[in-house]
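J.: with the input below, show me the fold.
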Amino acid sequence: MNADISVVVPLYDKEREIARTLRSALAQTLRPREILVVDDGSTDRSAAIVAAIAAEDPHGTIRLIRQPNAGVSAARNRAIAEARGRWVALLDGDDLWRPGYLAEIARMIAAHPGCGAYATAFDIRTGERLMPAATPAEGGLVDFFRESLARYVLIPSATTLDRALALEVGGFPEGMKMGEDQYLWTLVARRAPVCCSTARLVEYTRTAQNRSSTIYTPERTAFSFETLYDPAAPEDEREYIARAALGKALVVSAKGGTEEAARTARFFAFTRRSRRTLRKLRLLNALPAAWRGAALRGYNALAWALARKGL
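T.: Coordinates of the predicted model:
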């Protein structure tokens, strides 16, 4: 039996991880309708590895699509546009699904029809360490914006979208290099309910090759959290967008984007729930640009160490 779910895998220079990722999708107890891998101009052996695995699959599940490098949003959008399934399950090229992931998604779709997104809980892998992420404590329908202010609700590799709705809202914002997933989650959650499972069926890999947040370069796009923001929206939605924007601005500042980070701090100065992040951004942006990367890395390393110890 297979589900009416297309798996969407954007691929750029993941030759060390992509085989393991694809095999986790092929090993699902409920087979997907198809797996679409969009090679976004890889410069290593990633595409060749995908082609070899596809040739071995007796079900012909994998479709490899090649395009010039255009960014992760463009790669995901290409796959969503070409998908044949009613649903599109997102899976990054360095993360893993446990065997029951798609079966759990199908169970939620049957139990809670009409949602725009379905997601499961997940674990975070850093080297040999595996740590449970802070996800909703109860399964079922969730208040996405409220819950997301304290926990992870949707991340790409643990989320399955209504394909028609994803297309209707325009897909991922092409040109955004960070926060593109939170941008799309906002559009989806404005229009449809979100459903979550407490089953931990995904491994998100923090230390994988070529994580996009480690290679930020200035954006050239019409999309931004400022344009997404609606001052008339409920408070939780406004706070969610502020949190996403300020978190992104920290990395922008660390990479030398002083003016862009300062503009974000001014725009979202209203926040009440992310005051600590706002203060951290202002402090970081006041440092000499050459110091910021090390300062932010040190802060994040300390925060991550404390989180692992339950502090």
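J.: count of residues packed around Glu82?
T.: 14 (other C-beta atoms under 10 Å). Bear in mind the C-beta positions are built from the backbone N, C-alpha and C, glycine included.
J.: so what's it up against?
T.: By C-beta atoms under 8 Å, 6 or more residues apart in numbering, the contact set of Glu82 is 36, 63, 65.
J.: and with 10 Å instead?
T.: Contact analysis of Glu82 by C-beta atoms under 10 Å, 6 or more residues apart in numbering lists 6, 8, 34, 36, 38, 63, 65.
J.: who does the last one bridge with?
T.: Looking back up the chat, that one is Ile65. Val38 (DSSP bridges).
J.: next, count neighbours for it.
T.: For Ile65, using other C-beta under 10 Å, the count is 16.
J.: can you tell me which of the contacts of Glu82 are in strands?
T.: Assignment to strands by DSSP state E places the following of the contacts of Glu82 there: 6, 8, 34, 36, 38, 63, 65.
J.: list just the nearest of the residues you listed to Ile155.
T.: Val8 (13.9 Å; C-beta to C-beta).
J.: ok, the closest one - contacts?
T.: Val8 touches 34-38, 75-80, 82-83, 85, 88-92, 156, 160-161, 163, 166, counting by C-beta under 10 Å, 6+ apart.
J.: surely Arg98 is in contact with Asp123?
T.: Yes. Applying C-beta atoms under 10 Å as the test, Arg98 and Asp123 come out as touching, 9.3 Å apart.
J.: between the two, which contacts overlap?
T.: 200-203.
J.: report pLDDT for Glu128.
T.: On the pLDDT scale, Glu128 is placed at 84.
J.: how close does it get to Thr205?
T.: Going from Glu128 to Thr205 by C-beta to C-beta, to the nearest Å gives 12 Å.
J.: what do you get for Asp162?
T.: 26 Å.
J.: swap in Leu149?
T.: For Leu149 relative to Thr205 (C-beta to C-beta), the value is 25 Å.
J.: burial measure for Leu228, as a count.
T.: Neighbours around Leu228, by other C-beta under 10 Å: 19.
J.: for it, give me its contacts.
T.: Counted by C-beta under 10 Å, 6+ apart, Leu228 has contacts 173, 179, 182-183, 186-187, 190, 237, 241, 244-245.
J.: do the same with Leu154
T.: If you count contacts by C-beta under 10 Å, 6+ apart, then Leu154 has 90, 117-119, 135, 142, 144, 147-148, 160-161, 181-182, 184-185, 188-189, 194, 196 around it.
J.: which of the three states applies to it?
T.: State at Leu154, reduced to three classes by DSSP: H, G, I helix; E, B strand; the rest coil: coil.
J.: do the same with Pro113
T.: Taking three-state DSSP as the rule, one finds Pro113 in the coil state.
J.: what of Thr135?
T.: Classified using three-state DSSP, Thr135 is coil.
J.: against Thr21, how distant is it?
T.: 21 Å.
J.: again with Pro218
T.: Counting by C-beta to C-beta - Pro218 and Thr21 are separated by 29 Å.
J.: for Val88, see how far away the residue most central in space within the chain is.
T.: Centroid-nearest residue in the chain, with C-alpha atoms, centre = their mean: Pro156, separated by 3.3 Å. If you measure Pro156 against Val88 using C-beta to C-beta, the figure is 11 Å.
J.: shared neighbours of these two, anything?
T.: 8, 76.
J.: need the contact list for Ala262.
T.: 249, 252-253, 281-282, 285-286.
J.: any chance of CSV for these, columns distance to Arg275?
T.: Putting those into CSV (distance: C-beta to C-beta, whole Å) gives the following:
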residue, distance to Arg275
Ala249, 14
Val252, 19
Ser253, 17
Leu281, 11
Arg282, 11
Asn285, 16
Ala286, 17
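J.: fine by me, thanks again.
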